[in-house]
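Participant: model this:
(2 chains)
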Protein chains: 2
Amino acid sequence: MIRIVRPQDDRPVIAVIGAGFGGLNFCKTFRGDARIVLIDKHNHHAFQPLLYQVAMAGLAGSDVAAPVRGIFSRYRHVSSHMAQVDSIDLKNKTLRAGKSELRWDYLVMAMGGVTSYFGNDDWERHAPGLKTLGDALRLRRQLLTAFELAENEPDEMERRRLMTIVVVGGGPTGVELAGAMAELTNHVFRRDFRNIDPTRASVILVEALDRILPTFPSSLSESAREQLEELGVKVRLGTRVVNVQADRITVSSQSGEEDILTRNVLWAAGISAHPLTRQLGPDVELDKAGRVKVLPDLSVPGHPEVFVIGDAAYLEVDGTAVPGLAPAAIQMGKHAAKVIGREIAGDPSPPEERPAFRYRDRGTMATIGRRRAVAVSGPLRFSGYPAWLAWLFVHLIFLVGFRNKLTVMIQWAWQYLTYGRGARVVAEPLEDFVGAEGAQGAEGASAESAASA
Amino acid sequence: MIRIVRPQDDRPVIAVIGAGFGGLNFCKTFRGDARIVLIDKHNHHAFQPLLYQVAMAGLAGSDVAAPVRGIFSRYRHVSSHMAQVDSIDLKNKTLRAGKSELRWDYLVMAMGGVTSYFGNDDWERHAPGLKTLGDALRLRRQLLTAFELAENEPDEMERRRLMTIVVVGGGPTGVELAGAMAELTNHVFRRDFRNIDPTRASVILVEALDRILPTFPSSLSESAREQLEELGVKVRLGTRVVNVQADRITVSSQSGEEDILTRNVLWAAGISAHPLTRQLGPDVELDKAGRVKVLPDLSVPGHPEVFVIGDAAYLEVDGTAVPGLAPAAIQMGKHAAKVIGREIAGDPSPPEERPAFRYRDRGTMATIGRRRAVAVSGPLRFSGYPAWLAWLFVHLIFLVGFRNKLTVMIQWAWQYLTYGRGARVVAEPLEDFVGAEGAQGAEGASAESAASA
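Facilitator: Have a look, this model is predicted:
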């Protein structure tokens, strides 16, 4: 369905797949005489670092998303298309989306990653991930509904399952989800229910390694664990997932295998590259997460006109892999824009003579809850209140769009002052999802009617 | 699934069905020694007068909705339940929701209305209504997607169908939708597309009567029509809908029958009472819209302990029907609370001696667009800028929740200054709805691929 109305010009066409951090920054910083076609299957750029707050009912979906067309309305050389890319033909320099075909001169692949279940795709049904705005809204719906069902549930056992939340994966997303969930139950839900006591909900964080936040200095991993436990999160280290079913998750640790009964498993454990990378053919080398091994200039070996950036790319600089983080994707987008811009301007350098990408690590951070976070920047390490303030500040600065910054700032101030969560809203009525998530409640509950006199 | 854990007390139970304006105000103003069980199939109160702005991508869903539990967290005598009421038994004073049963002493039916297609229920698929937050988000998705599909559509005819919006019904909702849609295409979309010219979209408002806003003074109807036409809306008076199909709407007027080719029909033409009223049995009289004919105290004839309020009730006061408007529902909720409160406090008056409901008409208003509106209050009539300011003010005041007021105020200020629409975000990717609304684009479009050199 990509129809390019081409005026009488023969400027080169740059196809960019994906409007995440990498694709967006490519398009924003590219300078040169070319036409950019930006393709994404969503109509918005989602600010992934704050998706967990949408899932936890702290922010509205549109607070953390910016419409792609709005972002580029003044960039006359950028046309954006809401479409799903089905296949890429590197030889003929074309891509297909639906019934249409686009011929490109340069291709920038910035599709990012997808949730990975390490080959256990059947777990997805019971353990949703958090990569898109749709994921965040579905997660919100599931968690809020679980407590609504618990409130009406006569069976004690089922009530416990509904009020147990297991977060799989101790990276930043898992830590943020677990911390926010504990705050939601302890503070927000506390006054709201009559039959259940939400402060008795269990939030369990499961991590296979022997510490959470493994990419952080170990002192901060330890601090993060303590801060989570202060919030009431049970942190289970050295614990692998063996199986996920509708009403339980089976984990394995030194003490053997164990079932945790729960209706709510959130998956924050693995990311692999978008499956489109696997369609590039046998001469394009991928790592085991499906990421394309790129040259130092970010181009694909043998295809100097094809670039892969962000979470879909694998690159080692000085023996260290560039991490799958927003700042790396942003920097890669800018780098690819510079390289392509130079070539279009007439620089004939082959890939090995082009500028090499260097990742500038300005630090990383993870938030745990109100006044709780960890942050590292060069030799500096922060935890608790100062790290939390730094986190708020950095995320507001990077959030796309002034309007979004303003409303997010207000929501945060509001939550800080009142412990309120304004976005505790599920659009669908109950009837619409008892079908989909119908195992909940309908299954085990005996039809007891504790009616009143 | 409604399980009432009843402590050692035998206070009467008041079941309230529906957390709209009527139910909410009943619960908020009721004073007396009773327990209230508030049942709604949604977990939120939706501020219906602003739903059209959610549909038109001006506001986020959570801006116009407040979680029911949050509203009543401090009302210890109110317990709220997210459940769907299946049936009501007036004789045994019980209601069923899912597998559970609730026995009530008083029943307050405040379910409001549902979109009515006057017996043509098959039109619903192609002509969605706007009564719930879910409706608003679906409408937003459909309209934004239509323009995305148009941008990629090679067939001129199909492009016109996608860019034609027909709003059926010239009441306040229809007028607001048509006006907002015209502003969206003329101002917001204007810069955003490359292949289509959104200002060439058609917005058509179809009304069977000879004027829009028939409940307003005719001078204001005329003013509203002029204001709509200034925005580019084609107002078709005296025009009835004969049929709605996936790619067209057939209308009939003095000049005969006519097909308008369109992929976007919005239905704002009819409301009937929630179907639960039809289950009350043969001895409860309904009007033809399914509304329960209530006594002047708002109770159901023969059932002094059952009250119907808001859009589900029909009552004439001094020969005039109480209108189906938010202020009427609010006033009815407060009235029923007073009547039941008195009786529980020991007043044994039979229904005919209870206080009679009187509707205090403080005025009505409808907004058309930026600085365009009409308003009437007693002998006063406003249109244009002053009416618009009054509309903004009144809607902010009545919006539930301080946080919502604040964020809505900011969004409005932002839109006023920039013509921006921050909520132009569709959560679902394209692949997820080409199935559902797949007739669009997939059907007629020839597989032309206007690829580039």
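
Participant: what comes up buried for stretch A:303-319?
Facilitator: A:303-315 (16 or more other Cβ atoms under 10 Å in any protein chain shown). Just so you know, the C-beta spots here come from the backbone N, C-alpha and C atoms, and that holds for glycine as well.

Participant: Only the C-alpha atoms, please, for it, written as PDB.
Facilitator: This file holds the C-alpha atoms of stretch A:303-319, laid out as PDB (Å, rounded to 0.1, in the frame of the first residue of the first chain):
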ATOM      1  CA  HIS A 303      25.400  -4.000   1.300                       C
ATOM      2  CA  PRO A 304      26.900  -0.600   1.800                       C
ATOM      3  CA  GLU A 305      23.500   1.000   1.100                       C
ATOM      4  CA  VAL A 306      21.700  -0.900   3.900                       C
ATOM      5  CA  PHE A 307      22.000   0.100   7.600                       C
ATOM      6  CA  VAL A 308      20.700  -1.500  10.700                       C
ATOM      7  CA  ILE A 309      20.400   0.500  13.900                       C
ATOM      8  CA  GLY A 310      19.100   0.200  17.400                       C
ATOM      9  CA  ASP A 311      18.000  -3.100  18.900                       C
ATOM     10  CA  ALA A 312      18.000  -4.900  15.600                       C
ATOM     11  CA  ALA A 313      21.700  -4.400  15.200                       C
ATOM     12  CA  TYR A 314      24.700  -6.100  16.800                       C
ATOM     13  CA  LEU A 315      28.000  -4.300  17.000                       C
ATOM     14  CA  GLU A 316      31.000  -4.600  19.200                       C
ATOM     15  CA  VAL A 317      33.100  -1.500  19.900                       C
ATOM     16  CA  ASP A 318      36.400  -2.200  21.500                       C
ATOM     17  CA  GLY A 319      35.300  -5.600  22.500                       C
END
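
Participant: Any idea how far that stretch is from the middle of the chain?
Facilitator: The chain centroid and the centroid of stretch A:303-319 are separated by 20 Å under Cα atoms, centre = their mean, to the nearest Å.

Participant: near chain B, which residues of the stretch 101-250 of chain A show up?
Facilitator: Residues of the stretch 101-250 of chain A lying close to chain B (Cβ under 8 Å from any Cβ of the partner chain) are A:101-103, A:132-134, A:137, A:144-145, A:148-149, A:151-154, A:189, A:191-195.

Participant: Only the buried subset of those, as a ChimeraX command please.
Facilitator: Buried residues among those (16+ other Cβ under 10 Å), as a ChimeraX selection:
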select /A:101,102,103,132,133,134,137,144,145,148,149,151,152,153,154,189,192,193,194,195
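
Participant: Among the residues of the stretch 101-250 of chain A next to chain B, name the ones in strands.
Facilitator: A:Glu101, A:Leu102, A:Arg103 (DSSP state E).

Participant: how near is A:Gly61 to chain B?
Facilitator: Per Cβ to the nearest Cβ, to the nearest Å, A:Gly61 is found 6 Å from chain B.

Participant: Look up how far B:Ala337 lies from that residue.
Facilitator: Using Cβ to Cβ, to the nearest Å, A:Gly61 is found at 35 Å from B:Ala337.

Participant: Skipping its backbone neighbours, what lies nearest the residue in the stretch 201-350 of chain A that chain B sits nearest to in space?
Facilitator: Residue of the stretch 201-350 of chain A nearest chain B, by Cβ to the nearest Cβ: A:His274 (12.3 Å). In space, and not counting its chain neighbours, A:His274 is closest to A:Met111: 3.6 Å by Cβ to Cβ, 6 or more residues apart in numbering or on different chains.

Participant: Tell me the confidence at the one you found?
Facilitator: According to the prediction, A:Met111 has pLDDT 96.

Participant: So, low pLDDT: which residues of the stretch 51-200 of chain A?
Facilitator: Low-confidence segments of the stretch 51-200 of chain A, defined by pLDDT under 70: A:99.

Participant: Helices of that one, start to end?
Facilitator: A:51-55, A:68-71, A:133-151, A:156-162, A:172-183 (DSSP state H, counting those that start in this stretch).

Participant: A:Pro379 - how many residues pack around it?
Facilitator: By the criterion of other Cβ atoms under 10 Å in any protein chain shown, A:Pro379 has 5 neighbours.

Participant: which residues sit in contact with the residue lying closest to A:Arg141 once chain neighbours are set aside?
Facilitator: Once flanking residues are discounted, A:Arg141 sits nearest to A:Val426: 4.8 Å by Cβ to Cβ, 6+ apart. Listed by Cβ atoms under 8 Å, 6 or more residues apart in numbering or on different chains, the contact partners of A:Val426 are A:Arg140, A:Arg141, A:Leu144, A:Thr145, B:His42, B:Asn43, B:His44.

Participant: Would the one helix or strand A:Leu406 maps to count as contacting chain B?
Facilitator: Secondary structure from DSSP states H and E places A:Leu406 in helix A:402-418. Yes. Counting by Cβ under 8 Å from any Cβ, chain B has neighbours in helix A:402-418: A:Arg403, A:Asn404, A:Leu406, A:Thr407, A:Ile410, A:Gln411, A:Trp414.
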